[in-house]
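Q: Sequence plus predicted model, see below.
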Amino acid sequence: MTVAEQEITDYVARVRAALADLPSGQRDELTEDLADHLTEVAAESEGTLVERLGEPETYAAELRAAAGAAPGSGRNLDQRVASAMARVRGRLRTVDTRLGPPLGYETASEFLRLLRPAWWVLRGYLAAMLVTVITTGGEFGLLPRFGGELLAGLIMLIGFVLGSIWIGRSSAQLTRWPRSAVQVASVVLVVFAFAALIQAEDRMRYGDYGYDPTAVDSQYDRVRDVFVYDSEGRLV
């Protein structure tokens, strides 16, 4: 899908989200030829669709008014969520297209797709290290351990990496909820990785340059009771 096609798709999605309170048949009728119209507009001159036609929500209001449909001021929760998600997807797509050329690709996502196998392996390693932290009470090194045992940790690492690769290769066949669970787990592992890097950096900075307390022996260290006498030998 080209950049222009993705822009049209995002624009149509936001228009339909703004019309989500209408009956599905009426909404489909209003947006039936919208993609074709946007294609013609995109081919006429340069600039984004938003620059030439306005925000999709404004465009949807014009469609609603032309069809004599009720104003959408009382939008329900589903409509607001759909509209917000459409806007977020549109902004992410804009960032994607802007970051692509510096990386040598049309979009940044094309470059990131090349890194997926490496991420699958790293995800398995991070999962093994997370289990290491849990089973050892927070102690960890470069290699995973299960309950403090290196051999068990290496076996666990191999299993997690193979499982992560399988999930990555099968992600296109996953349904909505399993895919969402994988995404949430990936975010947790990324947060864990950053936390582990910060802790490792702190160890490197302060581990070799800390100061141990130094004791100085004195002949008076064990003196506990002190009595003071005046010049005539009387206790003060």
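A: That came through, no problem. Quick caveat: nothing in here was measured; it's all calculated off a predicted structure.
Q: average pLDDT across the lengthiest helix in the chain?
A: Longest helix in the chain, counting residues (DSSP state H): helix 176-206. Averaged across helix 176-206, pLDDT comes to 86.
Q: and that helix, what other elements does it pack with?
A: The contact analysis (3 or more Cβ pairs under 8 Å, 6 or more residues apart in numbering; DSSP states H and E) places helix 176-206 against helix 116-136. For every residue, glycine as well, the C-beta is placed using N, CA and C.
Q: Quick check: which ranges of the chain have low pLDDT?
A: Along the chain, the parts satisfying pLDDT under 70 run over 1-3, 45-46, 69-86, 89, 206-231, 233, 235-236.
Q: Look up how far Val133 lies from Thr9.
A: Going from Thr9 to Val133 by Cβ to Cβ, to the nearest Å gives 42 Å.
Q: Which parts of the protein are helices?
A: Going by DSSP H, the chain shows helices at 3-18, 24-30, 34-44, 49-53, 56-67, 77-103, 108-114, 116-136, 150-169, 176-206.
Q: buried ones in the first one?
A: When you say that, I think you mean helix 3-18. By 16 or more other Cβ atoms under 10 Å, the buried positions in helix 3-18 come out as 6-18.
Q: Could you dump those into a markdown table with distance to Leu99 added?
A: Putting the buried residues of helix 3-18 into a markdown table (distance: Cβ to Cβ, whole Å) gives the following:
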| residue | distance to Leu99 |
| --- | --- |
| Gln6 | 14 |
| Glu7 | 16 |
| Ile8 | 21 |
| Thr9 | 19 |
| Asp10 | 17 |
| Tyr11 | 21 |
| Val12 | 24 |
| Ala13 | 21 |
| Arg14 | 22 |
| Val15 | 26 |
| Arg16 | 27 |
| Ala17 | 25 |
| Ala18 | 28 |
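Q: Out of those, which is nearest to Glu149?
A: Taking Cβ to Cβ as the measure, Glu149 sits nearest to Gln6 out of those, at 49.7 Å.
Q: what's near enough to touch the closest one?
A: Arg93, Thr97 (Cβ atoms under 8 Å, 6 or more residues apart in numbering).
Q: related to what we said a few turns ago, out of the helices of the chain, which is the most enclosed?
A: Stretch with highest mean neighbour count among the helices of the chain: helix 3-18 (a mean of 20; mean count of other Cβ atoms under 10 Å).
Q: Let's see it as PDB, backbone CA atoms only.
A: What follows is helix 3-18, C-alpha atoms only, in PDB (Å, rounded to 0.1, in the frame of the first residue of the first chain):
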ATOM      1  CA  VAL A   3       1.500   6.500   1.100                       C
ATOM      2  CA  ALA A   4      -1.400   8.100  -0.800                       C
ATOM      3  CA  GLU A   5      -3.500   4.900  -0.500                       C
ATOM      4  CA  GLN A   6      -2.800   4.800   3.200                       C
ATOM      5  CA  GLU A   7      -3.700   8.400   3.600                       C
ATOM      6  CA  ILE A   8      -7.000   7.800   1.800                       C
ATOM      7  CA  THR A   9      -7.700   4.800   4.000                       C
ATOM      8  CA  ASP A  10      -7.100   6.700   7.200                       C
ATOM      9  CA  TYR A  11      -9.200   9.600   6.000                       C
ATOM     10  CA  VAL A  12     -12.100   7.300   5.100                       C
ATOM     11  CA  ALA A  13     -11.800   5.500   8.500                       C
ATOM     12  CA  ARG A  14     -12.000   8.800  10.400                       C
ATOM     13  CA  VAL A  15     -15.000   9.900   8.300                       C
ATOM     14  CA  ARG A  16     -16.800   6.700   9.000                       C
ATOM     15  CA  ALA A  17     -15.900   6.900  12.700                       C
ATOM     16  CA  ALA A  18     -17.500  10.400  12.800                       C
END
